[in-house]
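1. Here is my input, please return the structure:
(one chain, ligands or ions: 2)
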Amino acid sequence: MERLRIILAGPGAVGKTTFLRFIRTGEFDEHTPYTVGAEESILKQLYEGKEYLLRVIDIGGQIQFSYMRKDYYSEADGAILMFSLSFPKTLNDLKTLYKEVIDECGNIPMIITGNKSDRWDNNNFLEKNIISTIQELRKNAPICFISVKTGQNADLVFPKLLEFF
Ligand SMILES: Nc1nc2c(ncn2[C@@H]2O[C@H](COP(=O)(O)OP(=O)(O)O)[C@@H](O)[C@H]2O)c(=O)[nH]1
Ligand SMILES: [Mg+2]
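-> Ligands and ions are numbered 1, 2, ... in the order given. As a prediction, the model looks like this:
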């Protein structure tokens, strides 16, 4: 079994913790508590017949914007960067975060995930603009549009990331 350390980062309230709970339990939590510090989850994922043991670090707001961030980023094998399709500013905020991850972890595999597609206003937050913003960060970065609420595509995030290992 291959063990990987994965960081899950993104602006506050985009649904990181709710996403991880959904992956673990299959349930959507309308009232996920604010993440204090960081939460680690151990997930078993099967990808193409191979078993992976993932230690996923869900980094809460206070840590993300403090010097302690480095401790959590260290030795990550991969990352999920999440923004919210219901709040365009969160994609903009990912730019800084992306650079920080690269600085701390090097050029590790990464997937960019837009959550809350159930609240996505396609007219005001155009898919082509989202894709070009992400492509400017990293060419050919895998992108996933999901909704933890409806479950749409949520199960694709880890498999898409595991393609790189
Ligand atoms: N409408 C909608 N709400 C969501 C979705 N995912 C999470 N939420 C809600 O967004 C809020 C913030 O989620 P949370 O997981 O705490 O965000 P975090 O700060 O990134 O960990 C919670 O009230 C969730 O129920 C989604 O796909 N659609
Ligand atoms: Mg959280």
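
2. Buried residues in the helix or strand of the chain with the lowest mean pLDDT, which are they?
-> Sorted by mean pLDDT, DSSP states H and E, the helices and strands of the chain end with helix 61-64, the least confident at a mean of 78. Within helix 61-64, the residues scored as buried using 16 or more other Cβ atoms under 10 Å are 61, 63, 64. Where you see a C-beta, it was placed from the backbone N, CA and C, and this is true even at glycine.

3. Export those as a markdown table, with columns for distance to residue 84.
-> Listed next are those as a markdown table, based on distance: Cβ to Cβ, whole Å:
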| residue | distance to residue 84 |
| --- | --- |
| 61 | 14 |
| 63 | 19 |
| 64 | 15 |
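
4. out of those, which one sits closest to residue 42?
-> residue 63 (19.3 Å; Cβ to Cβ).

5. what's near enough to touch that closest one?
-> The neighbours of residue 63, taking Cβ atoms under 8 Å, 6 or more residues apart in numbering as the test, are 37, 38, 69, 72.

6. who in the chain is up against ligand 1?
-> Within the chain, the positions near ligand 1 by Cβ under 6 Å from any ligand atom are 10, 12-18, 29-32, 35, 115-116, 118-119, 147-149.
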